[in-house]
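Colleague: below: sequence and its predicted model.
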Amino acid sequence: MPILTKPTDRTISSLNPTERTDYTIAGEKGLMLRVEASGRKTWAFRYRPIGSDDRKRFPLGEHPDVSLSQARDRAADARDKVRLGHDPAAERDTLRDQRKQHENEDALTFNLLCDKFEAHLSKSKGSWQQDVGHFKRDARPQWGNKRADAITEQDCALRVEEVYQRSPVSANRFRAALAPLFKWAVKKKLLTVNPMIGIDRPHNERKAMKMNPNAKRVLNDAELLLLLRKIIGNNRMSPSVKGSLRLLALTGQRPKEMIGLQVPELWNLDDPDEAVANIPASRMKMRRPHIVPLSTQAIRVLEDQIAWVRTQDRDTGYVFPSPREHLPTVNRQALSAALRVIIDGLKPEGDDADTVRTLQANRPSTYALRRTCATGMGRLKVPREDRKAVLAHAEDDTFADHYDAYDRLDEKRIALQKWGDHVEALLTGTKSTGNVIPMRRARAGQRARPA
């Protein structure tokens, strides 16, 4: 290691080796100067802690910010500490780690931001658990320990695009969950910038729906009958899944609205003229409470389901409890999976061969049961306004919004009882299949035979 015998700040500034070189300073034990090929010069104190065989390097600053005289003073201070048993480099590292840990503890990480927002979300949004699921699946694993204020617009755009590559519709839902989170954080002064501003929905669902053959899938009577028979006769299917699918077929409600039914929401099951399901606003898409009159067929399904629930050890109060203990009710994915298993297991042979082929060629979703109920009631001469009331579709005009508070409960009961009787007639064989046809065929000008 070269020695600088009579160094000055001027001679040190003139040092210009072709590669990194360490110099010792004559008369200054432990003081050294490292000169990089780039010209950068840094002071350090080299020492061996008491009881250690390893030499350590304690930085003293850069030249010329730290002059030769200042470097000598700093080296002398470090030398005195070593004589007293201190380890300057170790103490410096410990202090740095403590400061870093303290900063991380005080920093608002994305995980902490999510925790705060989810507490707010559970009180303000009925479908808040879906947003929590998006955070848990698509944001927390990637950003959890990252400072929330360090998440950029580019980070958000890339994350939405990554989700889009996996599932376009999920990307829309993920974006719809993420945008309010950052907007809320800015409103609460937790952040100063919303990185989701300017990030549009990545997927045009309306256009995709028009191009999707399942978008308006309606079951004809033969398809509905075959599926219901397979559902009713399937002993391996969970009773909650089986009951949910049957009730959806009879009421035409959205899956989420019915699978979340609780026993106190069912009134007067012992009176077919008064029996109703009271769905709270928190579970409705339009955030308005909805009363569903129950046909005699729907009452039987619910009574059988409640009787089964009471035989179980785990009575959660829900009509359709999940067989999984960590879930309160069956979920929509379970219903979709059940339909998929049933359709996959059908054999295109015998009298049902044509029906099986149409089901497997154009597979219906659980939402097809809702469309089938609405279309079927239309074929049974139920007025359009009554069908809209059954499905909780509000009239979109000023009169309906501000003046007409009539709930059409009697009309809804007549409509659903007509549909329930029709379905029962199909199952008992007192009515032949083929009376309910897909809507797209009706629009093409093919009139169906009267029911």
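Modeller: Noted; the coordinates are in hand. Numbering: from 1, shown residues only.

Colleague: now the strands for the stretch 151-300 of the chain?
Modeller: 266-267, 276-279, 290-293 (DSSP state E, counting those that start in this stretch).

Colleague: deepest-packed of those, please.
Modeller: Counting by mean count of other CB atoms under 10 Å, strand 290-293 has the highest mean neighbour count of the strands of the stretch 151-300 of the chain, with a mean of 22. From N, CA and C alone the C-beta is placed, and that goes for glycine too.

Colleague: circling back: out of the strands of the stretch 151-300 of the chain, nearest to Gly317?
Modeller: strand 266-267 (11.4 Å; CB to CB).

Colleague: check contacts around the most centrally placed residue in the chain.
Modeller: When CA atoms, centre = their mean is applied to the chain, the residue found nearest the centroid is His134 (2.1 Å). His134 makes contacts with Ser170, Arg173, Phe174, Ala177, Leu178, as judged by CB atoms under 8 Å, 6 or more residues apart in numbering.

Colleague: buried subset of those?
Modeller: Neighbour-count burial (16 or more other CB atoms under 10 Å) applied to the contacts of His134 gives Arg173, Phe174, Ala177, Leu178.

Colleague: I'd like the strands of the stretch 151-300 of the chain as JSON lines, with distance to Leu112 appended.
Modeller: JSON lines is the format used below for the strands of the stretch 151-300 of the chain (distance: least, CB to CB, whole Å):
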{"stretch": "strand 266-267", "distance to Leu112": "41"}
{"stretch": "strand 276-279", "distance to Leu112": "35"}
{"stretch": "strand 290-293", "distance to Leu112": "37"}
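
Colleague: any chance of a markdown table for the ones you listed, columns mean pLDDT and distance to Ser336?
Modeller: Below are those laid out as a markdown table (pLDDT from 0 to 100; distance: least, CB to CB, whole Å):
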| stretch | mean pLDDT | distance to Ser336 |
| --- | --- | --- |
| strand 266-267 | 95 | 25 |
| strand 276-279 | 94 | 21 |
| strand 290-293 | 94 | 22 |
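
Colleague: Gly252 is nearest to which of those strands?
Modeller: Closest to Gly252 of the strands of the stretch 151-300 of the chain, according to CB to CB: strand 290-293, at 9.0 Å.

Colleague: list the helices and strands that closest one packs on?
Modeller: strand 276-279, helix 409-428 (3 or more CB pairs under 8 Å, 6 or more residues apart in numbering; DSSP states H and E).

Colleague: give me the contacts around that strand.
Modeller: By CB under 8 Å, 6+ apart, strand 290-293 touches 251, 253, 257, 275-279, 284, 390, 392, 407, 409, 412-413, 416-417.

Colleague: direction included, what does that strand pair up with?
Modeller: strand 276-279 (antiparallel) (DSSP bridges).

Colleague: okay, the partner strand in PDB with CA atoms only?
Modeller: C-alpha atoms of strand 276-279 as PDB (Å, rounded to 0.1, in the frame of the first residue of the first chain):
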ATOM      1  CA  VAL A 276     -91.700 -13.800   1.000                       C
ATOM      2  CA  ALA A 277     -87.900 -13.500   1.100                       C
ATOM      3  CA  ASN A 278     -86.800 -10.100   2.300                       C
ATOM      4  CA  ILE A 279     -83.400  -9.300   0.600                       C
END
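
Colleague: what helix or strand is the residue nearest to the centre of the chain on?
Modeller: Following DSSP states H and E, one finds His134 within helix 128-138.

Colleague: dump the contacts of His134 to JSON lines, plus distance to Arg324 and pLDDT.
Modeller: Output for the contacts of His134, formatted as JSON lines (distance: CB to CB, whole Å; pLDDT from 0 to 100):
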{"residue": "Ser170", "distance to Arg324": "22", "pLDDT": "88"}
{"residue": "Arg173", "distance to Arg324": "23", "pLDDT": "91"}
{"residue": "Phe174", "distance to Arg324": "24", "pLDDT": "93"}
{"residue": "Ala177", "distance to Arg324": "24", "pLDDT": "92"}
{"residue": "Leu178", "distance to Arg324": "28", "pLDDT": "94"}
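
Colleague: tell me the mean pLDDT for stretch 432-451?
Modeller: Mean per-residue pLDDT for stretch 432-451: 43.

Colleague: quick one: pLDDT of the residue nearest to the centre of the chain?
Modeller: 92.

Colleague: so how far is Ser170 from it?
Modeller: Between His134 and Ser170 the computed distance is 8 Å (CB to CB, to the nearest Å).

Colleague: still on that earlier bit, and the next element down the chain from the helix holding His134?
Modeller: Counting by DSSP H and E, what follows helix 128-138 is helix 140-143.

Colleague: so which bits of that following helix are buried?
Modeller: Applying 16+ other CB under 10 Å to helix 140-143 flags Arg140, Trp143 as buried.

Colleague: residues in contact with it?
Modeller: By CB under 8 Å, 6+ apart, the list of residues contacting helix 140-143 reads Phe110, Asn111, Cys114, Ile151, Asp155, Arg159.

Colleague: Thr375 against Val218, yeah?
Modeller: Yes: Thr375 lies in contact with Val218 (CB atoms under 8 Å); the separation is 4.9 Å.

Colleague: follow-up on the earlier one: now the helix holding His134: buried residues?
Modeller: Here helix 128-138 shows Trp128, Asp131, Val132, His134, Phe135, Asp138 as buried, counting by 16+ other CB under 10 Å.

Colleague: point out where this protein drops to low pLDDT.
Modeller: Along the chain, the model assigns pLDDT under 70 to residues 101-106, 126, 205-215, 395-405, 433-451.

Colleague: list the contacts of Ala185.
Modeller: Leu113, Phe117, Ala148, Leu191, Asn194.

Colleague: try it again at 7 Å.
Modeller: Ala185 makes contacts with Leu113, Ala148, Leu191, as judged by CB atoms under 7 Å, 6 or more residues apart in numbering.

Colleague: any chance of those residues in TSV, with distance to Asp54 and neighbour count too?
Modeller: Formatted as TSV, the contacts of Ala185 follow (distance: CB to CB, whole Å; neighbours: other CB atoms under 10 Å):
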residue	distance to Asp54	neighbour count
Leu113	43	23
Ala148	41	21
Leu191	46	19
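
Colleague: okay, now the domains of this structure?
Modeller: With domains defined by automatic domain parsing, the chain comprises 3-104, 110-211, 221-443.

Colleague: what is the burial count for the residue nearest to Ile151 when sequence neighbours are not counted?
Modeller: In space, and not counting its chain neighbours, Ile151 is closest to Pro195: 5.5 Å by CB to CB, 6 or more residues apart in numbering. Counted with other CB atoms under 10 Å, the neighbours of Pro195 add up to 21.

Colleague: would you agree Pro195 is in contact with Gln154?
Modeller: No: in this structure Pro195 lies outside contact range of Gln154 using CB atoms under 7 Å: 8.3 Å.

Colleague: helices along the stretch 51-200 of the chain, start to end?
Modeller: 68-83, 88-106, 110-124, 128-138, 140-143, 153-166, 168-187 (DSSP state H, counting those that start in this stretch).

Colleague: okay, buried residues for stretch 223-233 please.
Modeller: Glu223, Leu224, Leu225, Leu226, Leu227, Leu228, Lys230, Ile231.
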